[in-house]
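K.L.:
Quick one, fold the following:
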Amino acid sequence: MNGRLPSGNRHLDAILNGGLLMNAINLIVGIPGSGKTILSQQIAFHNATSERPALFLSTLSEPLDKVLRYAESLQFFDRAAVNDRRIVYEDMGQVLGEHGLDEVMEYVDRFLKDVKPGVVVIDSFRAFHALAPDVSSFRRFLYALTRRLTAASTTSIWNAPYSRAQAVDEAEFAVADGIIALDLKLVAARELRVLQVLKLRGSGFQSGEHGYRITDAGLVVFPRLADVRDQTRYELSAGRSESGIAALDDLLGGTGYWSGAATLIVGPSGIGKTLMGLHFLYEGARVGEPGVLATFQENASQLSRIAASFGWSIEDKNVNVISRSLVDINIDEWVYDLLGLVEATNSKRVVIDSLSDLLTAAVDPVRFREWMSSLIQRFTRAGVSLMVTNEVPDLFQLQRISDEAISHLADNVVLLQYVREGAELARTLTVLKTRAMPHRPLIHRYEITNQGFVLGDVVVPLTG
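P.N.:
A predicted model of the protein is given here:
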């Protein structure tokens, strides 16, 4: 079995089950501007050594000095590696322009002998098509080049400006051992960059489309969050996580939610969903359980004012905030930021405000469902208690609690709604669902005071 060549990005390596196939032909395809040249250089710099340098051969796509000028602005670029020839840049453009494919093989042979590279990048490979007099000539050239590179035990990376659909019809597709496709997709008014592994000979990989961004660190990849159900047994916590609302904890058996449970808070605008989440987080902070508030609703200044009005501080070291705008958000990037913050702070409680915002960010409802299922599974197995709010349009007598059938994933569902009491609207709370705990789904009045939630009597709503 072939070894693996790490890409320099741990998330991409996870998608590739460890990295690119070593001593193999790897094809990176994508439309112009998708990041092929950056990714190939990122891999080259990460793996270049004095004993096994990386060789970057440009063809007729871009002048070599232009490639270098842009590469110098990236964090992975190491001028010392270029100076001591751990990275060797060579321009084949003149040879191709003057002599076509006739002298390319001789040119490649010379560098394989002199440089003894461990990695060979050809950017762009499509130029060879244009210079071949016919299909048969190109296929003979392709076969000869593949034999030389394979015999030299190099890991080859060929960049080609094909779309995914075009790549399947090209001769390189059959020759390549691994194929990575980079693409730009327009979803509604958003432009999303996606990476997909089309082929990895003799190896498994993470299927589907994975988000990525081009930054000054190179390509930063966010694997699609779609975990298969983990059937291995694990220990469920016997502890409880109090809600921060004493009367609600009484409705939940006296001691709150099971630790590691997922809770869905549902209700219309202004009913107090965010406040219930803050109660949960600050109760955790009080008992030494760090937490994270992930919000699309308020920024830090707004949250500071809300928290202060109930006697809390946004500066509490056990309450961490990740606030994002829905403009230009990548849901995969966001979730890895969230998971990273939870791990870094050893948080045991997470509040996401709100579910409808997440659906907007995900765009695709099917992808959203698998994303939520995966996130809940990860938190449950890690013993992290998750609370998610969801806003619904109905003020009275709610017809449904989520459009995307998420409620079945939750261990607890708490319903907040309004009832009419003469000229006033009363806020009410019902524990609609709890797993492994007895409860009565009664409608309780509550008020929001400067102490937060204060539960009152059972309400019998008017009918008609």
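K.L.:
How is this protein divided into domains?
P.N.:
Following automatic domain parsing, one gets these domains for the chain: 4-222, 240-458.
K.L.:
and of these, who's closest to Asp230?
P.N.:
Comparing these against Asp230 with Cβ to Cβ, the closest turns out to be domain 240-458 (6.6 Å). Every C-beta, even on glycine, is put in place using the N, C-alpha and C of the backbone.
K.L.:
Start and end of that closest one, how far apart?
P.N.:
The first residue of domain 240-458 is 25 Å away from its last residue (Cα to Cα, to the nearest Å).
K.L.:
likewise stretch 42-54?
P.N.:
By Cα to Cα, the extent of stretch 42-54 from end to end equals 11 Å.
K.L.:
pLDDT (mean, whole number) over that stretch?
P.N.:
The average pLDDT for stretch 42-54 rounds to 95.
K.L.:
For Ile265, list each beta-bridge partner.
P.N.:
Beta-bridge partners recorded for Ile265 (DSSP bridges): Thr389, Val414.
K.L.:
Measure how buried it is and give me the count.
P.N.:
Here the number of neighbours of Ile265 (other Cβ atoms under 10 Å) works out to 29.
K.L.:
Please state the mean pLDDT value computed over stretch 181-201.
P.N.:
88.
K.L.:
the strands in the stretch 201-350 of the chain, which residues?
P.N.:
210-215, 218-222, 240-241, 257-258, 262-267, 291-295, 319-323, 349-353 (DSSP state E, counting those that start in this stretch).
K.L.:
So for Ser203, which of the ones you listed sits nearest?
P.N.:
Closest of the strands of the stretch 201-350 of the chain to Ser203 is strand 210-215, at 16.5 Å (criterion: Cβ to Cβ).
K.L.:
Next, Ala174: phi, psi?
P.N.:
Backbone torsions for Ala174, taken as degrees, to the nearest 10, come to phi -70, psi -30.
K.L.:
lowest-pLDDT helix or strand in the chain?
P.N.:
helix 93-99 (a mean of 72; mean pLDDT, DSSP states H and E).
K.L.:
For that helix, name the packing helices and strands.
P.N.:
Where contact means 3 or more Cβ pairs under 8 Å, 6 or more residues apart in numbering; DSSP states H and E, helix 93-99 is packed against helix 104-115, helix 127-131.
K.L.:
contacts for it?
P.N.:
Here helix 93-99 makes contact (Cβ atoms under 8 Å, 6 or more residues apart in numbering) with Ser58, Thr59, Leu60, Pro63, Leu64, Glu103, Val104, Tyr107, Ala127, Phe128, Leu131.
K.L.:
what about Thr232, neighbour count?
P.N.:
Thr232 has 5 neighbours, counted by other Cβ under 10 Å.
K.L.:
still on that earlier bit, please name whichever of the contacts of helix 93-99 scores lowest on pLDDT.
P.N.:
pLDDT across the contacts of helix 93-99 is lowest for Leu60, at 75.
K.L.:
That one reaches Arg126, doesn't it?
P.N.:
No: look at Leu60 against Arg126 with Cβ atoms under 8 Å: they stay out of range, at 9.0 Å.
K.L.:
So those two - more neighbours on which side?
P.N.:
Set Leu60 next to Arg126 and count neighbours by other Cβ under 10 Å: Arg126 wins out with 20 against 17.
K.L.:
What confidence value was assigned to the more buried one?
P.N.:
86.
K.L.:
dump the residue contacts of it.
P.N.:
Arg126 neighbours (Cβ under 8 Å, 6+ apart): Ser61, Ala160, Pro161, Tyr162.
K.L.:
again, only using 10 Å
P.N.:
Residues near Arg126 by Cβ atoms under 10 Å, 6 or more residues apart in numbering: Val29, Thr59, Leu60, Ser61, Trp158, Asn159, Ala160, Pro161, Tyr162, Gln166, Glu170, Glu172.
K.L.:
what about it, distance to Asp109?
P.N.:
Distance of Arg126 to Asp109, given as Cβ to Cβ, to the nearest Å: 22 Å.
K.L.:
same deal with Glu51?
P.N.:
For Glu51 relative to Asp109 (Cβ to Cβ), the value is 20 Å.
K.L.:
who has more neighbours, these two?
P.N.:
Between Glu51 and Asp109, counting by other Cβ under 10 Å, Asp109 is the more crowded of the two (12 against 8).
K.L.:
Flag the shaky bits of this protein, pLDDT-wise.
P.N.:
Flagging of the chain using pLDDT under 70 yields the residue ranges 1-2, 97, 395, 397-405, 460-464.
K.L.:
Pull the most distant pair out of the contacts of helix 93-99.
P.N.:
Pairwise distances across the contacts of helix 93-99 peak at 19.5 Å for Pro63 and Glu103 (criterion: Cβ to Cβ).
K.L.:
OK, contacts around the spatially most central residue of the chain?
P.N.:
Among the residues of the chain, the one closest to the centroid is Asp332, at 2.5 Å (Cα atoms, centre = their mean). Contacts here follow Cβ under 10 Å, 6+ apart; on that basis Asp332 touches 11, 192, 194, 209-213, 221-225, 361-362, 367, 371.
K.L.:
now Val458
P.N.:
Thr428, Arg440, Leu442, Ile443, His444, Arg445.
K.L.:
hmm, which two among those residues are most spread apart?
P.N.:
Arg440 and Arg445 (15.3 Å).
K.L.:
Between those two, which is the more surrounded one?
P.N.:
Arg445 (16 against 8).
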